[in-house]
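**Q** just to be clear, the model below is a prediction. Sequence and coordinates:
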Amino acid sequence: MTGSDFKRFAPRCQTRVVVGLGNPGPEYDDTRHNVGWWVVDRFAYDHDFEPFERRKSRLETTRRIRGLTVVLVKPRTYMNRSGLALTTLWRIPGFVAETDLLVVTDDANLDVGRVRLRPEGGSGGHNGLKSVTGTMGTPGYARLRVGVGTKPPGADLSDWVLSPMPEEDEEVVTALLPELSRAVAVWVEEGIETAMNRFNR
């Protein structure tokens, strides 16, 4: 049996890991860069997860959903070192990044409220994704990008993503959270292709 045959017939991992990228600390709660945390928090609320528990490098909570173990993670390592919160994923029996990991992040290359689900890809200049890819050793993991608006000409990108959104933009993203939570649920239960077909906009 070849390696590809083994992968095809091996038992599917029964764990899904959803990582919301962001920065710890109340001063970052309302910033564009923490939209990934907003989505994961909404998903946790919608599915009655227990409160997040503090680990060395992350906040984490786990629940069974339709026979799957779903682990929600919010790194506490700051954005540029997000991957450090994921170094223990290899301990999960059968874990494969390509099918069992979803990273939720803000995207300053998309207009406010645009949604992009992809099965893999580059970082698009996002340092959190760069760090996750470095830790996982592959760009082949699903990502849910949420548009937070493109930076004005001449503005510094770091200052832009670390600043709060205007009230009207925040309202757009907040209103979208229930749909984004459903997109995560579809990815958990049905995979990235189904989620892409239903929620990309």
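**A** In hand now; what should we look at? Residues are numbered from 1 along each chain as shown.
**Q** CA atoms for contacts and neighbours, from now on please.
**A** Will do.
**Q** and after the longest helix seen in the chain, which helix or strand comes next?
**A** In the chain, taking DSSP state H as the definition, the longest helix is helix 167-190. Downstream of helix 167-190, the first helix or strand assigned by DSSP states H and E is helix 192-199.
**Q** may I see the buried residues of that next one?
**A** 192, 195-196, 199 (16 or more other CA atoms under 10 Å).
**Q** tabulate the residues you listed (TSV), appending distance to residue 30 and pLDDT.
**A** Below are the buried residues of helix 192-199 laid out as TSV (distance: CA to CA, whole Å; pLDDT from 0 to 100):
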residue	distance to residue 30	pLDDT
192	28	96
195	27	97
196	27	97
199	24	97
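**Q** need the contact partners of stretch 146-161.
**A** 31-33, 35-36, 104-116, 165, 169, 173 (CA atoms under 8 Å, 6 or more residues apart in numbering).
**Q** stretch 162-177 now?
**A** So stretch 162-177 is contacted by 28, 30-33, 38-39, 42, 112-113, 148 (CA under 8 Å, 6+ apart).
**Q** which among those end up buried?
**A** Buried among the contacts of stretch 162-177 (16+ other CA under 10 Å): 31-33, 38-39, 42, 112-113, 148.
**Q** how about JSON lines for those residues, with secondary structure added?
**A** JSON lines is the format used below for these (DSSP: H, G, I helix; E, B strand; the rest coil):
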{"residue": "31", "secondary structure": "strand"}
{"residue": "32", "secondary structure": "helix"}
{"residue": "33", "secondary structure": "helix"}
{"residue": "38", "secondary structure": "helix"}
{"residue": "39", "secondary structure": "helix"}
{"residue": "42", "secondary structure": "helix"}
{"residue": "112", "secondary structure": "coil"}
{"residue": "113", "secondary structure": "coil"}
{"residue": "148", "secondary structure": "coil"}
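**Q** which of the residues you listed sit farthest apart?
**A** 42 and 112 (18.2 Å; CA to CA).
**Q** tell me which stretches of the chain form strands.
**A** With strands called from DSSP state E, the chain shows them at 15-20, 53-54, 58-65, 68-75, 101-107, 115-118, 142-147.
**Q** for those strands, which one sits closest to residue 126?
**A** Among these, strand 101-107 sits nearest to residue 126 (CA to CA), with 7.7 Å.
**Q** contacts for the closest one, please.
**A** 16-22, 32-37, 39-40, 126, 141-149.
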